[in-house]
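Peer 1: I would like the atomic coordinates for the input below:
(chains A and B)
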There are 2 protein chains.
Amino acid sequence: MPKVDASNALNFLPENWLTGREADLTEAHAMLQEGRGPGSDFLGWVHLPENYDKEEYARIKAAAAKIRSDSQALVVIGIGGSYLGARAVIELLGSPNYNLCKKDGPEIYFVGNGLSTDAMLEVMEQLKGKDWSINVISKSGTTTEPAVAFRIFKAMLEEKYGKEGAKGRIYATTDAHKGALKGLADAEGYEEFVVPDDVGGRYSVLTAVGLLPIAAAGIDIDALMAGAHEAMETLAKPGMDNPAWQYAAARNGLYDGGKKIELLACYEPSFRFFAEWWKQLYGESEGKEGKGIFPASVEFTADLHSMGQYIQEGERHLFETVVRFAECNGQIIIPNDPDNVDGLNFLSGKPLSFVAEKAFQGVVLAHVDGGVPNLSVTVPKRTANAVGQLIYFFEYSCGLSGHLLKVNPFNQPGVEAYKKNMFALLGKPGYEDRKAELEARLNG
Amino acid sequence: MPKVDASNALNFLPENWLTGREADLTEAHAMLQEGRGPGSDFLGWVHLPENYDKEEYARIKAAAAKIRSDSQALVVIGIGGSYLGARAVIELLGSPNYNLCKKDGPEIYFVGNGLSTDAMLEVMEQLKGKDWSINVISKSGTTTEPAVAFRIFKAMLEEKYGKEGAKGRIYATTDAHKGALKGLADAEGYEEFVVPDDVGGRYSVLTAVGLLPIAAAGIDIDALMAGAHEAMETLAKPGMDNPAWQYAAARNGLYDGGKKIELLACYEPSFRFFAEWWKQLYGESEGKEGKGIFPASVEFTADLHSMGQYIQEGERHLFETVVRFAECNGQIIIPNDPDNVDGLNFLSGKPLSFVAEKAFQGVVLAHVDGGVPNLSVTVPKRTANAVGQLIYFFEYSCGLSGHLLKVNPFNQPGVEAYKKNMFALLGKPGYEDRKAELEARLNG
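Peer 2: Numbering: from 1, shown residues only, chains lettered A, B, ... in the order given. Okay, here's the model as predicted:
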């Protein structure tokens, strides 16, 4: 189970940072467990690791096996929560260079998460001469970025395999009952998976949304779900020793004390997109009503040589949360140099992980001395089980934390603003008035 | 030349945001041009695009050609400024998936920028069966991360090619006169390139530090340098229409008004590591004495569906700087769908770049309406020339901006703190007292 250590933040927190929040935490916890409170329509994730649809889960595994047998590439179309969770897990458990390093199984390309022409052309080029399939993920089927990408890649797939052949290579993860993509999938006979109504995008990585691409990448989703299930059971117990309570309380306490930025740090480069997933989870859950910690991330030790100066001596409005994997998967021994040119022979024969461990300890003390409170979240190892635990831990803590902040942690009203402007400027029917108004501002 | 548009920040700035800083900008500009003021020992980058060592430059091109002819992979060992610049340019002008997508030339692996065992093992695995070379970049040769990596990869190279064979495949970019790596390179006869004394790491991308890996990746460094040279000439002219003056003044004005976080945004996924380079440049230059804008980055439109909620409605302590490439390199036309399932036929036949352009405009207006000031920096196209311009523009603006903030923009005293702790905890001779003290704190 993820272990939270707040001891290096205590100098920056009032003594009652945890006990003083007991009543609020008890109520927040009860809201999540009992399915009530702001955003209670979106609490399907709370018991998901136990209550998931077993029939669909078996179909996810079968579809992943089929993709791995008949495809050298899988094009995953989705944005936001329909993108970041799968990418986060594939990079963290596979590699940030998964497509280069994979031993077997298909390359995975994430598209429909932006509007870059050149990025899309690159994927098209990579698909040439390969057998491939599509997993299109969209609750509505009308979000611009994935819908445009689906038009383009569906046309490519049909050109390669014919309309009938393509149908067997398109997997649609969408609403169970309604919407444009659901209608199309029914009409065409695509294999379908469900974006549940009661699980918001940023909480959907353990539904078909995340699981199909993750399984297609050859990751053991049984172990992932088992880890999440363990975390679900542990974190369901209220109390001061609940690590989610500790994390939620500590970060709110630090925020109340003027620490406006949380830097999620990790010593593994493969963690980069897991941090992006975490940013969406926390930023979208808490960033509303003019409130919320700004979520940022750093990769150590690399960024100690870029952002390290700022962290050590810049404006004192930040705190740090380090995610630690207690053990690494392999081992490298530092070789001896008879000439000791670099003066590092005191490290000869030691594992590289020893240096990393001492760096972690030294950094915590240096940053605390510099005025940056430090929290750490430790899991045993970079395994599917531990990552399942970590996912659920951050989800549950986020629900608690948003309630402590007195916002609805499960809505995202602000995401519509740019979409409306974009539709208007693009000339979408029905937006004529807004178009005229915006164009006047742009020209004015 | 990069064009700065501050019109969407004016509502958040006092009327005299630019004119009120004329005296300070004039003085900051003169300090950079005349080589005086705080940090004046590190102003070699100012005239670098003209004054670079032409003999060494020719050797860089020759070495890159040799690497491209005899190596299927190049291992680049460096951290901080000896890492981010090259990676930024290779990803921005090549691809974030450069190693997967490259048409010819070697794979490029960046190591020695962290302490992850698993990440290093992955690179070792990728090198199997390939011909490869090393570019080790370190002014001193004793920084822990690159020094440890160099021990390991040098041993591998010697095992493959023998001690003599390896020497011809190691390129050392280091101090011109002194230091551990310089001594070794002289003794072994490695080809050597120089980390200039008067150019700090974060300003070194247009020296051999960045240019050798960039040229090895097949990027036209003549065009890159030409772009930087154009920018150098343009930005050398003082005045209110100098885009570097505008950017430096606007961001300081916004900071003074309580905007503590700058979000660097771009619509190209290939920009991700250029933003990391930018974060080091600004964070390390300005983050000192308890001051400085916190540099963060987002990838649009992807992150409009993750960080978009926070940007639109979270705490109002941020502003946004968008880097725009006015044209993309290729084109994709959105296909028509006779059934118009997604309702997007109003876009049929239009280029994808049209949607991106309208998204950019719509996002600016939405965020401004939400209370987030917007700056934009526009360059014509994602070419080596334009990227050279952009590099110099950000460097020059950063020098000005740091002087406006009244810090020394060219030192980084805070980077030592973690190193000292790490050395002590690792048991480096000479750090015994600190070791005892730190261990007592860790166990206490």
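Peer 1: neighbours around residue A:35, how many?
Peer 2: Around residue A:35 there are 15 other residues, counting by other C-beta atoms under 10 Å in any protein chain shown. All C-beta spots, glycine's among them, are computed from the backbone N, C-alpha and C.
Peer 1: residue contacts, residue A:79?
Peer 2: Residue A:79 sits next to A:112-114, A:143, A:145-146, B:301-302, B:305 when contact means C-beta atoms under 8 Å, 6 or more residues apart in numbering or on different chains.
Peer 1: mind doing that once more with 7 Å?
Peer 2: Going by C-beta atoms under 7 Å, 6 or more residues apart in numbering or on different chains, residue A:79 touches A:112-113, A:143, A:145-146, B:302, B:305.
Peer 1: now do residue A:182
Peer 2: By C-beta under 7 Å, 6+ apart, residue A:182 lies in contact with A:141, A:174-175.
Peer 1: most neighbours among those, please name it.
Peer 2: Neighbour-wise, those (other C-beta under 10 Å) top out at residue A:174, 28 neighbours.
Peer 1: spatially nearest residue to that residue, not counting backbone neighbours?
Peer 2: Closest residue in space to residue A:174, ignoring its immediate chain neighbours: residue A:181 at 4.2 Å, by C-beta to C-beta, 6 or more residues apart in numbering or on different chains.
Peer 1: what helix or strand is the one you found located in?
Peer 2: According to DSSP states H and E, residue A:181 maps onto helix A:180-188.
Peer 1: ok, back up a step: Throw the contacts of residue A:182 into TSV and include pLDDT, distance to residue A:278 and secondary structure, thanks.
Peer 2: Converted to TSV, those look like this (pLDDT from 0 to 100; distance: C-beta to C-beta, whole Å; DSSP: H, G, I helix; E, B strand; the rest coil):
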residue	pLDDT	distance to residue A:278	secondary structure
A:141	94	27	coil
A:174	98	25	strand
A:175	98	26	coil
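Peer 1: nearest to residue B:242, of those residues?
Peer 2: Using C-beta to C-beta, residue A:141 comes nearest to residue B:242 of these, at 48.5 Å.
Peer 1: check which helices and strands the longest strand anywhere in chain A sits against.
Peer 2: Across chain A, the strand with the greatest residue count (assigned by DSSP state E) is strand A:318-327. Judged by 3 or more C-beta pairs under 7 Å, 6 or more residues apart in numbering or on different chains; DSSP states H and E, the packing partners of strand A:318-327 are strand A:261-266, helix A:352-369, strand A:374-381.
Peer 1: partners of that strand, with directions?
Peer 2: Strand A:318-327 pairs in its sheet with strand A:261-266 (parallel), strand A:374-381 (parallel), by DSSP bridges.
Peer 1: how about the contacts made by residue A:252?
Peer 2: Taking C-beta under 7 Å, 6+ apart as the test, what residue A:252 contacts is A:401, A:404-405.
Peer 1: just the ones in strands from the residues you listed, please.
Peer 2: Per DSSP E, those never map to strands.
Peer 1: among these, who's most crowded?
Peer 2: residue A:401 (28 neighbours).
Peer 1: chain neighbours aside, what residue packs nearest to that one?
Peer 2: residue A:248 (4.0 Å).
Peer 1: so the residue nearest to residue A:174 sits right up against residue A:171, yeah?
Peer 2: No: Residue A:181 is beyond contact range of residue A:171, at 11.4 Å (criterion: C-beta atoms under 7 Å).
Peer 1: helices along the stretch 51-200 of chain A, start to end?
Peer 2: Remark: helices assigned in the stretch 51-200 of chain A by DSSP state H, counting those that start in this stretch are A:54-70, A:84-93, A:98-101, A:117-127, A:144-167, A:180-188.
Peer 1: next one: the third one to chain centre, how far?
Peer 2: The chain centre lies 20 Å from the centre of helix A:98-101; the measure is C-alpha atoms, centre = their mean, to the nearest Å.
Peer 1: next to chain B, which bits of the stretch 101-250 of chain A? Give me the list.
Peer 2: With C-beta under 7 Å from any C-beta of the partner chain as the criterion, the stretch 101-250 of chain A comes near chain B at residues A:101, A:113-122, A:126, A:141-142, A:144-145, A:147-148, A:151-152, A:155, A:180, A:183-184.
Peer 1: try 6 Å this time
Peer 2: For the stretch 101-250 of chain A, the contact set with chain B under C-beta under 6 Å from any C-beta of the partner chain comprises A:101, A:113-122, A:141-142, A:145, A:147-148, A:151, A:155, A:180, A:184.
Peer 1: just give me the neighbour total for the residue nearest to residue A:174.
Peer 2: Based on other C-beta under 10 Å, the number of other residues close to residue A:181 is 28.
Peer 1: from residue A:349, how far off is it?
Peer 2: From residue A:181 across to residue A:349, the span is 58 Å (C-beta to C-beta, to the nearest Å).
Peer 1: and residue A:395, by the same measure?
Peer 2: 42 Å.
Peer 1: these two: who's more crowded?
Peer 2: residue A:395 (26 against 11).
Peer 1: please give the element, helix or strand, for that one.
Peer 2: Assignment of secondary structure by DSSP H and E places residue A:395 within helix A:384-404.
Peer 1: out of the strands paired with strand A:318-327, which one sits most buried?
Peer 2: Each of these was given a mean neighbour count from mean count of other C-beta atoms under 10 Å in any protein chain shown, and the largest, a mean of 24, is that of strand A:261-266.
Peer 1: tell me the angle of that one relative to helix A:384-404?
Peer 2: Calculated by axes from the mean of the first three to the mean of the last three C-alpha atoms, to 10 degrees, strand A:261-266 forms an angle of 170 degrees with helix A:384-404.
Peer 1: what's the mean pLDDT across the helix or strand immediately after strand A:261-266 in the chain?
Peer 2: Downstream of strand A:261-266, the next assigned helix or strand under DSSP H and E is helix A:272-286. On average, the pLDDT along helix A:272-286 is 98.
Peer 1: wait, does helix A:272-286 contact chain B?
Peer 2: Yes: applying C-beta under 6 Å from any C-beta, one finds helix A:272-286 touching chain B at A:280, A:283-284.
Peer 1: quick one: which of those has the most company?
Peer 2: Result: residue A:284 is most packed of the residues of helix A:272-286 next to chain B (other C-beta under 10 Å), 31 neighbours.
Peer 1: if we ignore the residues flanking it in sequence, what's nearest it?
Peer 2: Using C-beta to C-beta, 6+ apart and skipping residues adjacent in sequence, the residue nearest residue A:284 is residue B:309, 4.3 Å away.
Peer 1: got the contact list for the one you found?
Peer 2: By C-beta atoms under 6 Å, 6 or more residues apart in numbering or on different chains, the contact set of residue B:309 is A:284, A:287, A:412, A:414-415.
Peer 1: so how far is residue A:81 from it?
Peer 2: 12 Å.
Peer 1: what is in contact with those two at once?
Peer 2: The overlap between the contact sets of residue B:309 and residue A:81 (C-beta under 6 Å, 6+ apart) is empty.
Peer 1: re the thing from before, which helix or strand contains the residue nearest to residue A:284?
Peer 2: Using DSSP H and E, the element containing residue B:309 is helix B:308-313.
Peer 1: avg pLDDT for that helix?
Peer 2: The model assigns helix B:308-313 a mean pLDDT of 98.
Peer 1: distance from it to the middle of the chain?
Peer 2: In terms of C-alpha atoms, centre = their mean, the centre of helix B:308-313 is found 26 Å from the chain centre.
Peer 1: pick the one among the residues of helix A:272-286 next to chain B closest to residue B:329.
Peer 2: residue A:280 (29.1 Å).
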